[in-house]
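Peer 1: Provide a 3D model corresponding to the input given below.
(one chain, ligands or ions: 1)
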Amino acid sequence: MRVVFSPKPRGECPGASSCGHSPRQHEEATMPDHRRLGRELDLFDSDPLMGAGLPYWLPDGAAVRHTLEEYIRGVERRAGYQHVYSPVLGKRELYEISGHWSHYSEDMFPPMDLGGEQVVLRPSLCPHHALIYRSRSHSYRELPLRIAELGTMYRSELSGVLGGLTRVRAIQLNDAHIFCTLDQVADEARAALDLIRAAYAALGIEPVRYRLSLPGEGGKYVVDPAMWQRAAAVLTEVLDQAGVPYESVAGEAAFYGPKIDVQIADSAGREATLSTVQVDFYQPERFDLHYVGPDGAKHRPVMVHRSVIGSVERAVAHLVEKHGGAFPAWLAPTQVVVLPISDAELPPAAALVERCLDQGLRARVVGPEHGSLGARIRVARLVPYQAVVGAKETAADQVAVRLRDGRRLDPLPSGEFLARVRALVDAHGTDLWDDQTQE
Ligand SMILES: [Zn+2]
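Peer 2: Alright, predicted model coming up:
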């Protein structure tokens, strides 16, 4: 059964004259802030009793998140990644070995005492993947070995800075680790950058800049100058060959290695890292990882850490602001809304929704009980495809389609409409309609 959440009024204020807010406050209330839109569009919310920085996802938000996760998994499968699951907890010792405990503990939740040992909510997935790699012996023929997981990690942010989906304490990370030889690092980093660029095209995201993040002053970086130089040289080569403008910034590296960060900006112009590619010589050493080379001897692999869309929370927050809730059709919580002109067309409208669902599309009927056709089109204004069904269309098994951007298509057979929407959704593009094949 579909859970229905009643729509809330748009904006925070009932009206400019009565609410007592300044023009500035009104301006802020109409900015595409993901927290406001997330609540208005019933995507996600939070409850003080669940805790700050621990949002929950409502059905429409969950549909967007699920679709995004499935897209990423598909892209990764086709790029030769293998998916794993690993636990969100680990023994404190695990993070002592990985270096997180000494370099990152201020961002970690305090350990829990459990039967004489201490376990910790994980601050990253890398140590688990290193252990998964180490659990089997590997020949050079298996490399590069790409292990991916959409897994949760935790960050003990202070409650004062928490909010929406961008400052959270539990993070769903689109993570992967590539175990490879030194010779393979550049190709793997380059391929990861290509995945990022393809995903941005599908999602309609534009990076504000690429950043080569290098170590800075202070003790938070592991000490091995030769290692840092070698890793930075690889990433520099990758960026130069990719032909993207970038800047080098000291003090933004991971504690174990330099990285390429793909930066995005929110509606207020605040910059954040969404995607990343990192080269790591450190953790393979710490976990004593190896592979058997052609010479029959043991060799040390390199770890490439990469994330295509970063955390699901940050990615969705950005998409909500970027598109103002009008997601690309393949990602929209409702892709097709069916609008019967009168009660007489309710049965054919329900049948059309069934056919959409059979095609794997997300669809629903908004019937005359919700008001005039014009009013219902306004309510469904963010739905990419609005199929109007009247007596004439029913008799001919056709639909009169209105696109979200206001374009009206000539009535077309229902089957053709479904097939074309399905094809557009499968293409993972940002176009609402393919005009090339329309005539
Ligand atoms: Zn990692």
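Peer 1: So L193 lies in a strand, does it not?
Peer 2: No: checked against DSSP: H, G, I helix; E, B strand; the rest coil, L193 lies outside a strand; its state is helix.
Peer 1: Low-confidence ranges, this structure, go.
Peer 2: 1-32, 219, 436-439 (pLDDT under 70).
Peer 1: Near the ion, which residues of it are found?
Peer 2: Within reach of the ion by Cβ under 5 Å from the ion, the chain has these residues: 126, 305. For every residue, glycine as well, the C-beta is placed using N, CA and C.
Peer 1: need the helices for the chain, in chain order.
Peer 2: Remark: helices assigned in the chain by DSSP state H are 23-30, 34-40, 59-78, 92-98, 100-104, 126-134, 185-203, 225-242, 282-286, 312-323, 346-358, 373-379, 391-396, 414-426.
Peer 1: mind giving me CSV with these and columns for mean neighbour count?
Peer 2: Shown next, in CSV, are the helices of the chain (neighbours: other Cβ atoms under 10 Å):
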stretch, mean neighbour count
helix 23-30, 12
helix 34-40, 20
helix 59-78, 17
helix 92-98, 19
helix 100-104, 18
helix 126-134, 21
helix 185-203, 20
helix 225-242, 16
helix 282-286, 19
helix 312-323, 23
helix 346-358, 17
helix 373-379, 14
helix 391-396, 14
helix 414-426, 17
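Peer 1: With distance to G251 added, can I get these in TSV?
Peer 2: Converted to TSV, those look like this (distance: least, Cβ to Cβ, whole Å):
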stretch	distance to G251
helix 23-30	31
helix 34-40	27
helix 59-78	29
helix 92-98	21
helix 100-104	14
helix 126-134	21
helix 185-203	21
helix 225-242	13
helix 282-286	18
helix 312-323	21
helix 346-358	51
helix 373-379	48
helix 391-396	62
helix 414-426	42
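Peer 1: Relative to G257, which of these is closest?
Peer 2: Among the helices of the chain, the nearest to G257 by Cβ to Cβ is helix 225-242 (5.0 Å).
Peer 1: Determine the set of other helices and strands touching that closest one.
Peer 2: Applying 3 or more Cβ pairs under 8 Å, 6 or more residues apart in numbering; DSSP states H and E, we find helix 225-242 packed against helix 185-203, strand 209-214, strand 259-265, strand 271-280.
Peer 1: okay if I get those as CSV plus distance to L319?
Peer 2: Formatted as CSV, the helices and strands packed on helix 225-242 follow (distance: least, Cβ to Cβ, whole Å):
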stretch, distance to L319
helix 185-203, 6
strand 209-214, 19
strand 259-265, 10
strand 271-280, 10
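Peer 1: Nearest to G163 among the helices of the chain would be which one?
Peer 2: With Cβ to Cβ, the closest approach to G163 among these belongs to helix 34-40: 6.2 Å.
Peer 1: Please save the CA atoms from the closest one in PDB.
Peer 2: Taking only C-alpha atoms (Å, rounded to 0.1, in the frame of the first residue of the first chain), the coordinates of helix 34-40 have been written out as PDB:
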ATOM      1  CA  HIS A  34      17.700  21.200   0.300                       C
ATOM      2  CA  ARG A  35      16.400  21.100   3.900                       C
ATOM      3  CA  ARG A  36      13.400  23.200   3.100                       C
ATOM      4  CA  LEU A  37      12.700  21.400  -0.200                       C
ATOM      5  CA  GLY A  38      13.300  18.000   1.400                       C
ATOM      6  CA  ARG A  39      10.500  18.700   3.900                       C
ATOM      7  CA  GLU A  40       8.200  20.300   1.300                       C
END
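Peer 1: Going forward, count from 109.
Peer 2: With 109 as the first residue, the last one maps to helix 142-148.
Peer 1: how close does the spatially closest residue to G523 that is not a sequence neighbour sit to the ion?
Peer 2: Leaving out its chain neighbours, the residue that sits closest to G523 by Cβ to Cβ, 6 or more residues apart in numbering is D505, at 7.7 Å. D505 sits 53 Å away from the ion, taking Cβ to the ion, to the nearest Å as the criterion.
Peer 1: do the same with Q190
Peer 2: 16 Å.
Peer 1: ok, back up a step: who wins for proximity to S356 among the helices of the chain?
Peer 2: helix 333-350 (8.1 Å).
Peer 1: In the stretch 209-358 of the chain, which residue sits nearest the ion?
Peer 2: Per Cβ to the ion, C234 is where the stretch 209-358 of the chain lies closest to the ion, at 3.2 Å.
Peer 1: what do you get for the stretch 359-508 of the chain?
Peer 2: Counting by Cβ to the ion, the stretch 359-508 of the chain gets nearest the ion through H413, at 3.5 Å.
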